[in-house]
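In: Sharing a model prediction with you, sequence too.
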Amino acid sequence: MCSTSMSSSADLQHGPQSFRGRWFDGQSPVGRDARIEITPSGMSIHSETGDALWPWIEVRQTRGAIRGEPVQFERHGAAETIVVQDPAIIEAVRGIVPEISRHFRRPSQHAMGWRIAIGLVAVIAASYIVYGWAVPEAANQLAQTVPVAWEEQFGEAVMQSALGGKVIEDDAIVGPVDLIVQQLRSANANSPYRYQVSVVDEPEVNAYAAPGGYIVLNRGLLAFAGSPDELASVIAHVIQHVERRHVTRGIFQKFALSATLAIAFGGAESLVGQAAQTLGELSYSRADESEAD
């Protein structure tokens, strides 16, 4: 089982630009303790079993913009993740490599204590209702550390399984939707996700998402929306469920055991089939809906 526990302060022995964290190298489901040095050329990673250098052009920040959550980096094009508890690493990056500072977000100043408390209560309640407490908690941890690249691959497979031949390709219908998505994407340029929206021939008023930035709009929703702005607000709400990993966490918790095995040992075919059958029926907590709003 992956563990994300680590020191939350800079490794003073190696200077203020060195931090303790957890390195998931993509080769093993178990992360390893590592020292991450911030250098002008990239993130230099040092662990007992090996070293690595991530050039800045390959580094993406995927978590840490909200105060209280760990800072997470992923290596573009590889299933590697670094998780650091100390938010000072963002200031170190911005100070040493100022030309790329706009890509690395400082934690917001909004207090997160009440959200964390609600999240903990929800996790504890689910733990006693579904399979005890261990498996759901493990699934929740996996959802927070799984690389965006894995989410994208999994989401694409789920979409192919779920949609079949129901996707509408009429430009008169799809074109305005694509324009809205492009505008929303440009407003959130730092997002690690590349959003793709499909319109399907279903009469129900519904919109939902798969992990990795895949969004589905039913034809019934387009007919029901009173204006482009109203439709844009629905799409933006669904996008926030993806950004905050509510979708990935929801799937992992709904299919906790198979999700854990799929991440740890590969072979996610059965999980793809289960997720595809219930994707549009995933429910979110009030806290999740509040965050998405």
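Out: Okay, I see it.
In: could you check the distance from Asp51 over to Gln85?
Out: As judged by Cβ to Cβ, to the nearest Å, Asp51 and Gln85 stand 21 Å apart. C-beta here means a position set from N, CA and C on the backbone, and glycine is covered the same way.
In: In terms of neighbours, single out the busier of those two.
Out: Between Asp51 and Gln85, Gln85 has the larger neighbour count (other Cβ atoms under 10 Å), namely 19 against 10.
In: was I right about that one contacting Pro70?
Out: Yes: Gln85 sits in contact with Pro70 when judged by Cβ atoms under 8 Å, with a separation of 5.1 Å.
In: Let me see the ranges of the strands in the stretch 101-250 of the chain.
Out: 196-200, 207-210, 214-218 (DSSP state E, counting those that start in this stretch).
In: Run through who's touching the last one.
Out: Strand 214-218 is contacted by residues 155-156, 158-159, 162-163, 177, 181, 195-200, 202-210, 234-235, 238-239, 242, 279-280 when judged by Cβ atoms under 8 Å, 6 or more residues apart in numbering.
In: same thing but at 6 Å, please
Out: 155, 159, 196-200, 202, 204, 206-209, 238 (Cβ atoms under 6 Å, 6 or more residues apart in numbering).
In: Rebuild the residues you listed as TSV, extending it with distance to Leu222.
Out: Shown next, in TSV, are the contacts of strand 214-218 (distance: Cβ to Cβ, whole Å):
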residue	distance to Leu222
Gly155	22
Met159	18
Gln196	17
Val197	11
Ser198	12
Val199	7
Val200	10
Glu202	11
Glu204	12
Asn206	11
Ala207	10
Tyr208	14
Ala209	16
Val238	14
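In: mind listing what Trp56 touches?
Out: Trp56 makes contact with 42, 97, 100, according to Cβ under 6 Å, 6+ apart.
In: Which residue ranges of the stretch 101-250 of the chain form helices?
Out: Applying DSSP state H, counting those that start in this stretch to the stretch 101-250 of the chain gives helices spanning 113-129, 134-145, 148-163, 171-187, 219-224, 228-243, 246-254.
In: got the CA coordinates for the fifth one in PDB?
Out: C-alpha atoms of helix 219-224 as PDB (Å, rounded to 0.1, in the frame of the first residue of the first chain):
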ATOM      1  CA  ARG A 219     -28.500  15.900 -25.500                       C
ATOM      2  CA  GLY A 220     -31.300  16.500 -23.000                       C
ATOM      3  CA  LEU A 221     -29.100  18.900 -21.000                       C
ATOM      4  CA  LEU A 222     -28.400  21.000 -24.200                       C
ATOM      5  CA  ALA A 223     -32.100  21.200 -24.900                       C
ATOM      6  CA  PHE A 224     -32.900  22.200 -21.300                       C
END
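In: and it, which residues are buried?
Out: Neighbour counts over helix 219-224 (16 or more other Cβ atoms under 10 Å) mark 219-222 as buried.
In: Using TSV, lay out those together with pLDDT.
Out: Shown next, in TSV, are the buried residues of helix 219-224 (pLDDT from 0 to 100):
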residue	pLDDT
Arg219	90
Gly220	91
Leu221	91
Leu222	90
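In: Reformat these as CSV; add distance to Ser191.
Out: Listed next are the buried residues of helix 219-224 as CSV, based on distance: Cβ to Cβ, whole Å:
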residue, distance to Ser191
Arg219, 27
Gly220, 27
Leu221, 22
Leu222, 24
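In: ok, those vs Asn188, which is closest?
Out: Leu221 (21.2 Å; Cβ to Cβ).
In: how much space between Pro70 and Arg245?
Out: Taken as Cβ to Cβ, the span from Pro70 to Arg245 is 13 Å.
In: now do Val205
Out: Applying Cβ to Cβ, the value for Val205 to Arg245 is 25 Å.
In: neighbour-wise, which of those two wins?
Out: Ranked by neighbour count (other Cβ under 10 Å), Val205 and Arg245 place Arg245 first, with 21 against 15.
In: For the more buried one, grab phi and psi.
Out: Note on Arg245: its backbone torsions stand at phi 60, psi 30 [degrees, to the nearest 10].
In: Could I get the strands of the stretch 101-250 of the chain in JSON lines, plus columns for mean neighbour count and mean pLDDT?
Out: Output for the strands of the stretch 101-250 of the chain, formatted as JSON lines (neighbours: other Cβ atoms under 10 Å; pLDDT from 0 to 100):
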{"stretch": "strand 196-200", "mean neighbour count": "19", "mean pLDDT": "88"}
{"stretch": "strand 207-210", "mean neighbour count": "24", "mean pLDDT": "85"}
{"stretch": "strand 214-218", "mean neighbour count": "25", "mean pLDDT": "89"}
